[in-house]
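# Turn this into a model:
(one chain, ligands or ions: 1)
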Amino acid sequence: MNDDQLLRYSRHILLPQIGIEGQQRLLAARALVIGAGGLGSPVALYLASAGVGNLTLCDDEAVDLTNLQRQIVHRTASVGRKKVESARATLAEINPEVRVAALAERLDGKRLEALAADADVVIDGSDNFATRHAANRACVKLKKPPVSGAAVRFDGQVAVFDLRAPDSPCYACLFPESGESEDVRCAVMGVFAPLTGIVGSIQAAEALKILAGAGETLSGRLLLLDTLAMQVRTIKLARDPACPVCRA
Ligand SMILES: [Zn+2]
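A predicted model of the protein is given here:
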């Protein structure tokens, strides 16, 4: 690290759980961020500010006026621009050292797998079950740790599936692909602005810990957040031995 980097990351370096070594791991790390919306915004902002060296952002949508209430990586002037381009511009202002690949595409299974193969961590900030299940399948196959998040109305959830561990549950153990799960979209249900910030920030924290090798992650637990009552609880997750996705 050069002198500027030692200053920029000094408050991380001061933390014994991160230190120089952990920060160097972050600088060398590659993160795949799926979605540049409500969750992807704080995820991308914190991963970039914290110096994660290589970020791949994927989102095929353009910035809409209705996004700006919560998607804090975008600016009013970016309405109509592709979200990944808008996000890349903001991230470059915060930390020009971070290499950001901006992919304006909706990822199908094959493409997702190829991108996940190059990543040390996969952060799922998508808003639909098809993408979440595709990300889960890719991570199970490649044994990558996905950090999953969801936010709707006043309710959020975060989970980490550290599929590097043999007994880890996967996303499909919790929400089967054949299940009745219906996409609940913010466009229909509404979403509390800071909820996406809180959930995305927790996802960023978990991703940074995985990359730096610090602390314990939410692996095997589901964090449930109710911002209306401001209550947080975590429940233990068990692997479903009959899960068709992660069954050996
Ligand atoms: Zn499973």
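# which other residues reach the least confident helix or strand in the chain by mean pLDDT?
Lowest on mean pLDDT, DSSP states H and E among the helices and strands of the chain sits helix 186-189, with a mean of 76. Helix 186-189 has contacts (C-beta atoms under 8 Å, 6 or more residues apart in numbering) with 38, 66, 127, 151, 152, 153. C-beta coordinates here come from the backbone N, C-alpha and C atoms, glycine included.
# Same question for stretch 90-101.
Residues outside stretch 90-101 that contact it (C-beta under 8 Å, 6+ apart) are 5, 8, 44-45, 47-49, 51-57, 73-75, 87-88.
# quick one: average confidence on it?
Mean pLDDT, stretch 90-101: 98.
# same thing with stretch 224-235?
The predicted model assigns stretch 224-235 a mean pLDDT of 98.
# coming back round to it: which among the contacts of stretch 90-101 end up buried?
Buried members of the contacts of stretch 90-101, counted by 16 or more other C-beta atoms under 10 Å: 8, 44-45, 47-48, 51-57, 73-74, 87-88.
# Mind picking the two most distant members of the residues you listed?
Maximum pairwise distance among the buried ones among the contacts of stretch 90-101 (C-beta to C-beta): 23.9 Å, between 8 and 74.
# Buried residues, the strand or helix carrying residue 122. List them.
Using DSSP states H and E, residue 122 sits in strand 121-124. When burial is assessed from 16+ other C-beta under 10 Å, strand 121-124 yields the following buried residues: 121, 122, 123, 124.
# same question, stretch 149-163
Buried positions in stretch 149-163, judged by neighbour count with 16+ other C-beta under 10 Å: 149-152, 154-163.
# Contact partners for the nearest residue to residue 171 once chain neighbours are set aside?
With sequence-adjacent residues excluded and distances taken as C-beta to C-beta, 6 or more residues apart in numbering, residue 171 is closest to residue 136, at 3.8 Å. By C-beta under 8 Å, 6+ apart, the contact list for residue 136 reads 146, 148, 161, 170, 171, 172, 245.
# Recalculate using a threshold of 10 Å.
Residues counted as contacts of residue 136 (C-beta atoms under 10 Å, 6 or more residues apart in numbering) are 112, 122, 124, 129, 146, 148, 161, 163, 170-175, 177, 245-246.
# Could I get the buried residue list for stretch 204-214?
Buried positions in stretch 204-214, judged by neighbour count with 16+ other C-beta under 10 Å: 204, 205, 206, 207, 208, 209, 210, 211, 212, 214.
# ok now do residue 140, which residues does it touch?
By C-beta under 10 Å, 6+ apart, the contact set of residue 140 is 146, 161, 163, 168, 170, 171, 172, 173, 243, 245, 246, 247.
# could you redo the last one with a cut-off of 6 Å?
Contacts for residue 140 were tallied using C-beta atoms under 6 Å, 6 or more residues apart in numbering; they are 163, 170, 245, 246.
# The first one in helix, strand or coil?
If I follow you right, that is residue 163. Secondary structure, DSSP: H, G, I helix; E, B strand; the rest coil: residue 163 is coil.
# re the thing from before, now intersect the contacts of residue 136 with the strands, please.
When the contacts of residue 136 are checked against strands (DSSP state E), the matches are 122, 124, 146, 148.
# Tell me the one of those nearest residue 79?
Out of these, the member with the shortest distance to residue 79 (by C-beta to C-beta) is residue 124, at 25.3 Å.
# Tell me how far the closest residue to residue 8 other than its chain neighbours lies from residue 166.
In this structure, residue 8 finds its nearest non-sequential neighbour in residue 51, 7.0 Å apart by C-beta to C-beta, 6+ apart. Counting by C-beta to C-beta, to the nearest Å, the gap from residue 51 to residue 166 is 32 Å.
# before we move on, the earlier item: doesn't the residue nearest to residue 171 belong to a helix?
Yes: according to three-state DSSP, residue 136 belongs to a helix.
# Which residues of this structure lie near the ion?
170, 172, 173, 243, 245, 246 (C-beta under 5 Å from the ion).
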